[in-house]
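> sequence and computational prediction follow.
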Amino acid sequence: MSPFAYARAASSEDAVRLGGQAGAAYLGGGTNLVDLMRETVARPSALVDVTGLSEAIVERDDGSLLIGAAARNTAVAEHRAVRAAYPMLARAILAGASAQIRNMATVGGNLLQRTRCTYFYDNQGSRCNKREPGQGCDAIGGFNRIHAILGASASCVATHPSDMCVALAALDAVVHLSSPAGERSLPLTELHRLPGDHPEVETALHPGELITAVELPALAFARNSTYRKVRDRASYAFALVSVAAALALEDGRVKDVRLALGGVAHKPWRAWRAEQALRGQPATGDAFRAAAEAELAAAQPLRDNGFKIELANRSIVAVLGELSGEVA
Ligand SMILES: Cc1cc2nc3c(=O)[nH]c(=O)nc-3n(C[C@H](O)[C@H](O)[C@H](O)COP(=O)(O)OP(=O)(O)OC[C@H]3O[C@@H](n4cnc5c(N)ncnc54)[C@H](O)[C@@H]3O)c2cc1C
Ligand code: SF4
């Protein structure tokens, strides 16, 4: 057990001041961070509890939603406006973890939860560049069935584990941040990084930067959206592949689309290529398949995870078929 200090922040300013200390970490529901502390993968010298900060979910006049970073996952999934206007987000959250964990987990913590790569958690015998930069990566030559097929590097092939973030990536969510340098915001798609040579640097956040809120822009056709998660068990399992999609049709053609994938990369993977391939195309299985293949063309399987390519292709086709009214 490593000793650590604990303080509960009374405001964002208070949190940023306390979180700026060397070795400090923000504490949301603790459902990931405390596990990592138990495994000695994370060793913060101080925890700054941010669960007392804004948990409000505000419906704005322009149709957008502003969700406080301390909002619990359950509260977001059950919110009337989220369920009606962004069903993919409600479904993505409900596909994750268990009811008890979703009751504790916060939006800010969900965004920054760490990979579930088993070698990353094994602090006793495995090499991991994310845990110890320069050490090597035991997943690359090891058992890598759950690992990345897109955007990986020779340093790290881990995936991002969050379901919620996949829906947020598809919905063009914006993350609001606070630090001593002031306030700023970032598109969700720019929050998480690909591993490159520095898998230990997982986000574009500055040291000590606090997530204060997540904004969901108005998107009328997100009412026709869903989230599908393919996993080894029906509950308590992370995605092998997941798909978040929203679809707008006009005269049998794709007028607009949002598509993101989970379980395939170090970050929630916005499927820009597939979206581009789909706009203006007839809403048919052939067009959906062609778009999925365009996105997955860059996939680079490891020894054990080649099945994810066809799984992702089929999942995209099935989800788009469902949203276009076909039985999937
Ligand atoms: C058994 C189990 C199964 C799970 N299954 C799934 C699943 O299927 N799908 C899924 O998506 N997730 C799953 N999870 C993960 C779960 O969703 C996360 O643990 C949870 O969302 C983290 O939220 P938290 O508030 O508890 O974060 P914490 O554990 O408190 O923090 C996580 C990270 O976020 C940082 N942080 C927290 N708040 C802020 C903030 N406001 N600003 C800046 N940094 C902050 C912390 O410093 C820490 O680094 C599972 C977890 C468990 C234990
Ligand atoms: S895949 Fe990434 S997280 Fe997993 S062992 Fe390799 S470097 Fe570590």
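The structure has been received and is ready for your questions. Ligands and ions are numbered 1, 2, ... in the order given.
> contacts and neighbour counts: CA atoms only from here.
Fine.
> what residues does the stretch 151-300 of the chain have near ligand 2?
Contact residues (CA under 6 Å from any ligand atom) of the stretch 151-300 of the chain with ligand 2: 155, 156, 157, 158.
> just say helix, strand or coil for the last one.
The local conformation at residue 158, judged by DSSP: H, G, I helix; E, B strand; the rest coil, is coil.
> burial of it, as a residue count?
When neighbours are counted by other CA atoms under 10 Å, residue 158 registers 33.
> show me where the stretch 201-328 of the chain has strands.
With DSSP state E, counting those that start in this stretch as the criterion, the stretch 201-328 of the chain has strands at 210-216, 225-230, 241-250, 253-262, 269-270.
> ok, which of those strands comes nearest ligand 1?
strand 210-216 (3.7 Å; CA to the nearest ligand atom).
> name every strand pairing with that closest one and say which way it goes.
With DSSP bridges as the test, strand 210-216 is paired with strand 65-68 (antiparallel), strand 174-179 (antiparallel).
> mind listing what's buried in stretch 138-154?
Neighbour-count burial for stretch 138-154, counted by 16 or more other CA atoms under 10 Å, picks out 138-140, 144-153.
> and of those residues, the nearest to ligand 1?
Closest to ligand 1, out of all of the buried residues of stretch 138-154 and judged by CA to the nearest ligand atom, is residue 146, at 13.0 Å.
> tell me the phi and psi of the closest one?
phi -90, psi 10 (degrees, to the nearest 10).
> kindly report the same for residue 85.
Per degrees, to the nearest 10, the backbone of residue 85 is at phi -100, psi -20.
> could you measure from the residue lying closest to it once chain neighbours are set aside over to residue 83?
Closest residue to residue 85 apart from its sequence neighbours, by CA to CA, 6 or more residues apart in numbering: residue 223 at 4.8 Å. The gap separating residue 223 from residue 83 is 9 Å, by CA to CA, to the nearest Å.
> one more: residue 277?
28 Å.
> just residue 242 next, same as before
19 Å.
> neighbour-wise, which of these two wins?
residue 242 (26 against 16).
> now do the SS call for residue 154.
Residue 154 ends up coil, using three-state DSSP.
> neighbours around whichever residue of the stretch 201-328 of the chain sits closest to ligand 2, how many?
As assessed by CA to the nearest ligand atom, ligand 2 sits closest to residue 266 within the stretch 201-328 of the chain, at 8.7 Å. Counted with other CA under 10 Å, the neighbours of residue 266 add up to 28.
> quick one on the thing from earlier: ok, which of the buried residues of stretch 138-154 also contact ligand 1?
Within those, nothing lies near ligand 1 by CA under 6 Å from any ligand atom.
> now mean pLDDT too, for the strands of the stretch 201-328 of the chain, in TSV please.
Shown next, in TSV, are these (pLDDT from 0 to 100):
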stretch	mean pLDDT
strand 210-216	98
strand 225-230	98
strand 241-250	98
strand 253-262	98
strand 269-270	98
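> quick one: the helices in the stretch 201-328 of the chain, in order.
Taking DSSP state H, counting those that start in this stretch to define them, one finds helices in the stretch 201-328 of the chain at 272-278, 285-296, 307-323.
> quick one: buried residues of the shortest one?
Within helix 272-278, the residues that qualify as buried by neighbour count (16+ other CA under 10 Å) are 272, 273, 274, 275, 276, 277, 278.
> ditto for stretch 8-21
8, 9, 12, 15, 16, 18, 19, 20.
> quick check: end-to-end length of stretch 130-147?
14 Å.
> how about stretch 255-270?
End-to-end distance (CA to CA), stretch 255-270: 18 Å.
> pull the distance from that stretch to the chain's centre.
Distance of stretch 255-270 from the chain centroid (CA atoms, centre = their mean, to the nearest Å) equals 10 Å.
> near ligand 1, anything from stretch 39-48?
No. Stretch 39-48 does not reach ligand 1 (CA under 6 Å from any ligand atom); its nearest approach is 8.0 Å.
> buried sites along that stretch?
Neighbour-count burial for stretch 39-48 [16+ other CA under 10 Å]: 40, 41, 42, 43, 44, 46, 47, 48.
> wait, residue 57 touches residue 64, no?
No. The criterion here is CA atoms under 8 Å, and residue 57 misses it with residue 64 at 10.5 Å.
> neighbour count: these two, which is higher?
residue 57 (20 against 17).
> please name the residues that touch that one.
65, 66, 67, 68, 71, 76 (CA atoms under 8 Å, 6 or more residues apart in numbering).
> straight-line length of stretch 266-277, end to end?
23 Å.
> distance between it and the chain's centre?
14 Å.
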